[in-house]
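Undergrad: The sequence and its predicted three-dimensional model are supplied below.
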Amino acid sequence: MQTVKMVVTGPFSSGKTEFIQTVSEIDVVATERKISSEAERIKETTTVAMDFGRITVDDNLVLYLFGTPGQKRFDFMWEILSEGMLGFIVMVDSTRPETFREARSILETFRAYAPTPYVVAANKQDMEDAWSVEDMRIALRLDPKIKFLPCIALDKEEVKKVLLELLYSILAEMETGTF
């Protein structure tokens, strides 16, 4: 059996935990804690170490999903979680342009940890005030070759599409030997 470690990262409240919970076949191991700072009261809890989920693709392939904390004060976990990853997903909240610069910085940080395949997921595309993927690509200064996918983290089929795109990228790099 082949196992593939994928990391789901992105800014605070971009949808990482929901993304993993939506698709995991096991109860997600989560390290959620109540938020004490009023400034960050977008939601009630935050990931402080990691989320862990698992999905069996077929008899020969299992994906292990590791979600990172989004808050900068927990970024010491990022390098630890990136060890051994074969690819990563950067989640971006399409409704919060104030987080786009941070998402770009997180993407560059993970590229520095390991030059593995990655995709970017534009979460919350179902919201009325969501930016279009095309406009977000420009704002994030993403190369046209980078897979930038619309997503709704609570929709299992959408989550699967994002995971499959990353998996295809990983397999392509493995076949060409660039990885």
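TA: Sure, I can see it.
Undergrad: So which elements touch the longest helix along the chain?
TA: In terms of residue count, the longest helix belonging to the chain (DSSP state H) is helix 156-176. Helix 156-176 sits against strand 2-9, helix 16-23, strand 61-67, strand 87-93, strand 118-123, strand 148-150, with contacts defined as 3 or more Cβ pairs under 8 Å, 6 or more residues apart in numbering; DSSP states H and E. From N, CA and C alone the C-beta is placed, and that goes for glycine too.
Undergrad: can you tell me how far the residue lying closest to residue 12 once chain neighbours are set aside sits from residue 162?
TA: Distances taken as Cβ to Cβ, 6 or more residues apart in numbering place residue 70 nearest to residue 12, at 3.6 Å, with adjacent residues excluded. Distance of residue 70 to residue 162, computed by Cβ to Cβ, to the nearest Å: 17 Å.
Undergrad: Next, the distance between the ends of stretch 125-142.
TA: In stretch 125-142, first residue to last residue: 18 Å (Cα to Cα, to the nearest Å).
Undergrad: which of the residues in that stretch are buried?
TA: 125, 130-131, 133, 136-137, 140, 142 (16 or more other Cβ atoms under 10 Å).
Undergrad: and what of stretch 57-66?
TA: Residues of stretch 57-66 classed as buried by neighbour count (16+ other Cβ under 10 Å): 63-66.
Undergrad: What of stretch 16-25?
TA: Neighbour-count burial for stretch 16-25 [16+ other Cβ under 10 Å]: 16-24.
Undergrad: what's the offset of that stretch from the middle of its chain?
TA: Distance of stretch 16-25 from its chain centroid, counting by Cα atoms, centre = their mean, to the nearest Å, is 10 Å.
Undergrad: if we can go back for a sec, dump the buried residues of stretch 57-66 to TSV, plus pLDDT and distance to residue 100.
TA: Converted to TSV, the buried residues of stretch 57-66 look like this (pLDDT from 0 to 100; distance: Cβ to Cβ, whole Å):
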residue	pLDDT	distance to residue 100
63	94	27
64	95	28
65	96	24
66	93	23
